[in-house]
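Participant: Take a look and give me a structure for this.
(one chain, ligands or ions: 1)
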Amino acid sequence: MSDQDPTIYLNGEFLPLSKARIPVLDRGFLFGDGVYEVIPVYGGKPLRLEEHLRRLDQSLAGIRMQSPYPDTEWSTIFDHLINGNHDQQIYLQVTRGADLKRDHAIPNQLQPTVFAMCTAIAPIPLAGIKAVTVQDTRWDRCNIKAITLLANVLLRQEALDEGAAEAILIRDGLVLEGSASNIFLVKDGRVITPPKGPSILPGITRDLVLELAAASGFPTEQRDIRQEELPSADEFWITSSTREILAVTELDGRLIHGGQPGPVWHKVLKAYQDYKSALREAGSSL
Ligand code: PDD
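Facilitator: Next up, the predicted model:
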């Protein structure tokens with residue numbers, strides 16, 4: 001096994017990535033008919049595995065499927081893929097499987113296609129990032145972690161075209177989330193994030209950040225954030241499994257906290273790093 005050609009899991013087999021094949025009539029390929037998870041791994045242990053697997057169940061239920069495996073089997077697969085103690089991410093994807101013809105209607109009794117791989121986590125830009133707001137063009141079931149990500153891809157690219165790292169999605173005047181992240185606004189020491197619902201993905205990092213912010217002494221609020229609140233934000237963050245907590249230091253060309261990550265971010269990020277360290281030391285997933 002090498003970094004260029006890691007061992008992956010596909011439908012019951014472990015094999016080199018370069019040898020992995022799926023049929024062209026797979027409904028994931030034809031229709032984006034599937035769901036996925038991204039799980040960070042520290043010290044060889046997946047972070048909040050139980051929560052990620054419950055969200056996978058929810059996503060699968062949202063597309064009329066069930067998990068192909070019990071938790072124990074997922075764990076066995078992940079243990080096999082995790083390679084060493086450096087920071088890694090598990091990507092897993094379940095599609096409805098390959099049919100004999102292309103037909104939108106959901107066929108009975110297809111064998112799902114199950115794919116998982118584990119790769120290194122890319123370095124995280126601690127100095128802060130630029131972001132831009134864009135109108136959300138996605139569907140109204142964003143709580144399902146669907147592989148159908150064309151809107152997210154195009155929205156992210158809009159941000160990249162403007163020299164920003166993330167697109168912040170606005171719908172009906174509300175600030176919802178990023179193209180691949182949840183959002184937090186800090187105002188007067190309060191840590192605020194939009195409520196869960198069909199307009200956002202219920203981020204596992206989001207939940208952990210809410211817990212860590214409260215434990216660090218900051219009041220938290222889960223409520224709608226209106227676009228008009230952005231100019232007066234003291235801090236603005238995005239969170240995800242692969243980017244942890246990133247300070248947005250420039251939003252729509254306007255500096256936030258003088259273009260530097262703010263003090264609340266420093267404290268909550270420290271709590272996040274401590275949580276990761278505890279996981280590295282722990283016997284199992286935290
Ligand atoms: N994306 N919202 C969206 C639209 C996302 O795609 C993600 C994560 C999040 C954050 O969720 P979590 O904290 O559970 O990672 C919120 C993953 C990382 C991705 O698509 O690669």
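
Participant: what's the neighbour count on the residue nearest to Phe31 when sequence neighbours are not counted?
Facilitator: In this structure, Phe31 finds its nearest non-sequential neighbour in His104, 7.1 Å apart by Cβ to Cβ, 6 or more residues apart in numbering. In this view, the C-beta of every residue, glycine as well, is placed from N, C-alpha and C. Residues lying near His104 (other Cβ atoms under 10 Å) number 8.

Participant: you'd agree His104 is up against Asp33?
Facilitator: No: here His104 does not reach Asp33: they are 9.2 Å apart, not a contact under Cβ atoms under 8 Å.

Participant: What is the three-state secondary structure of the residue nearest to Phe31?
Facilitator: coil (DSSP: H, G, I helix; E, B strand; the rest coil).

Participant: Could you measure from it over to Leu269?
Facilitator: His104 sits 45 Å away from Leu269, going by Cβ to Cβ, to the nearest Å.

Participant: which residue ranges form the strands in the stretch 151-286 of the chain?
Facilitator: 166-171, 174-178, 182-187, 190-193, 220-222, 235-240, 244-251, 254-255 (DSSP state E, counting those that start in this stretch).

Participant: what comes into contact with the second one?
Facilitator: With Cβ atoms under 8 Å, 6 or more residues apart in numbering as the test, strand 174-178 has contacts from 131, 133, 136, 142, 166-170, 183, 185, 194, 199-201, 203, 224-227, 229-230, 238, 240.

Participant: what mean pLDDT does it have?
Facilitator: Strand 174-178 carries an average pLDDT of 98.

Participant: ok, how many other residues are close to the nearest residue to Asp140 once chain neighbours are set aside?
Facilitator: In space, and not counting its chain neighbours, Asp140 is closest to Pro198: 5.6 Å by Cβ to Cβ, 6+ apart. If you count neighbours by other Cβ under 10 Å, Pro198 ends up with 11.

Participant: what's the answer for Pro23, then?
Facilitator: By other Cβ under 10 Å, the residues close to Pro23 number 11.

Participant: Which residues are in contact with it?
Facilitator: Ala98.

Participant: Could you measure from the nearest residue to Asp207 once chain neighbours are set aside over to Glu211?
Facilitator: Sequence neighbours aside, Glu51 is the residue nearest to Asp207 in space, at 7.0 Å (criterion: Cβ to Cβ, 6+ apart). Going from Glu51 to Glu211 by Cβ to Cβ gives 11 Å.

Participant: swap in Asp136?
Facilitator: On the measure of Cβ to Cβ, Asp136 and Glu211 end up 27 Å apart.

Participant: can you pull the contacts of the residue nearest to Asp140?
Facilitator: 140-143.

Participant: again, only this time at 10 Å
Facilitator: By Cβ atoms under 10 Å, 6 or more residues apart in numbering, Pro198 lies in contact with 62, 139-144.

Participant: Nearest to the ligand among these?
Facilitator: Nearest to the ligand among these, counting by Cβ to the nearest ligand atom, is Cys142 at 6.6 Å.

Participant: Spell out which residues of this structure are next to the ligand.
Facilitator: 38, 177, 180-182, 201, 203-206, 239-242 (Cβ under 6 Å from any ligand atom).

Participant: Mind naming the longest helix for this protein?
Facilitator: Looking across the chain with DSSP state H, the single longest helix is helix 263-281.

Participant: Next, the buried residues of it.
Facilitator: The neighbour-count check on helix 263-281 (16 or more other Cβ atoms under 10 Å) flags 264-265, 268-269, 271-272, 275-276, 279 as buried.

Participant: Report the distance from it to the chain centre.
Facilitator: 18 Å (Cα atoms, centre = their mean, to the nearest Å).

Participant: Skipping its backbone neighbours, what lies nearest Glu158 in space?
Facilitator: That would be Val134: by Cβ to Cβ, 6+ apart, it lies 5.3 Å from Glu158.
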